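Asker: here is my input; please provide its structure:
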Amino acid sequence: MRIALLLAMVALLGGCAHVMSEAGLKPVDRSLAYSDVRKNPEALAGKQVLLGGVIAGIRSSGDVIMLEVAQLELFNNGVPDDSSPSGGRFLAISSELLDPAIYHPGNLVTIIGEIKGKKIQKLESVDYPYPLISVKELRMFRASEPFTTYPGNPYQNQVGDGKLMLRPPGPVDGEPRKAY
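Answerer: Below you'll find the predicted structure:
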């Protein structure tokens with residue numbers, strides 16, 4: 001009985017583990033929100049942050065690869081919440097090769113990086129001030145499939161992290177089933 005309880009606890013805790021390394025998270029200033037970084041990236045230069053979002057584009061400039069990321073809120077485990085509103089965009093710069101065939105628009109990323117200031121670039125013919133983040137650690141995820149393909153499923157409910165979880169299909173008129 002004790003062994004089963006211990007195994008259950010390990011499984012539960014393992015499922016809640018952060019997606020980024022413990023060593024990478026140590027220097028991160030968790031008090032900084034993306035809104036703070038966006039307002040004044042020059043004043044925060046040198047600080048390490050944990051940010052995430054959806055890749056909007058990828059560019060190379062010499063030996064530097066830039067991911068343009070539309071910021072999204074992160075769940076407690078560090079995975080971007082693709083249903084949250086974006087707070088704006090930032091550029092994640094890396095000297096390591098980030099293959100555009102893998103890191104393509106639409107994929108979700110979580111980044112630990114150092115704030116380097118800002119860079120003004122065109123975004124749909126508007127000068128946009130992008131916060132610059134030098135990548136220290138990067139983790140990519142595929143965007144989740146939307147649950148809207150299952151309209152009226154009464155077995156579809158919300159769980160702890162706010163995401164919808166599908167249960168076995170059932171009647172669309174409501175629950176419970178009546179015994180005949």
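Asker: tell me the buried residues in the helix or strand containing residue 140?
Answerer: If you go by DSSP states H and E, residue 140 is part of strand 126-141. Neighbour-count burial for strand 126-141 flags 129, 130, 131, 132, 133, 134, 135, 136, 137, 138, 139, 141 (criterion: 16 or more other CB atoms under 10 Å). Where C-beta positions appear, they are placed from N, C-alpha and C, glycine not excepted.
Asker: same question, stretch 69-80
Answerer: 69, 70, 71, 72, 73, 74, 75, 78, 79, 80.
Asker: would you list those in a markdown table and tack on pLDDT, secondary structure and distance to residue 21?
Answerer: Converted to a markdown table, the buried residues of stretch 69-80 look like this (pLDDT from 0 to 100; DSSP: H, G, I helix; E, B strand; the rest coil; distance: CB to CB, whole Å):
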| residue | pLDDT | secondary structure | distance to residue 21 |
| --- | --- | --- | --- |
| 69 | 96 | strand | 20 |
| 70 | 96 | strand | 24 |
| 71 | 97 | strand | 21 |
| 72 | 96 | coil | 21 |
| 73 | 95 | coil | 21 |
| 74 | 93 | strand | 15 |
| 75 | 91 | coil | 17 |
| 78 | 90 | coil | 10 |
| 79 | 91 | coil | 15 |
| 80 | 92 | strand | 17 |
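Asker: just name the closest of these to residue 111, please.
Answerer: Closest approach to residue 111 among the buried residues of stretch 69-80 (CB to CB): residue 69, at 7.4 Å.
Asker: which residues does the residue lying closest to that closest one once chain neighbours are set aside bridge with?
Answerer: Spatial nearest neighbour of residue 69, excluding adjacent residues (CB to CB, 6 or more residues apart in numbering): residue 53 at 4.3 Å. Taking DSSP bridges, one finds residue 71, residue 109 as the beta-bridge partners of residue 53.
Asker: could you pull out the helices for this protein?
Answerer: Using DSSP state H, the helices of the chain run over residues 2-15, 22-25, 34-39.
Asker: where among the ones you listed is average confidence lowest?
Answerer: Sorting the helices of the chain by mean pLDDT places helix 2-15 lowest, at a mean of 55.
Asker: ok, back up a step: nearest to residue 89 among the buried residues of stretch 69-80?
Answerer: Checking those against residue 89 with CB to CB, the nearest one is residue 70 at 5.3 Å.
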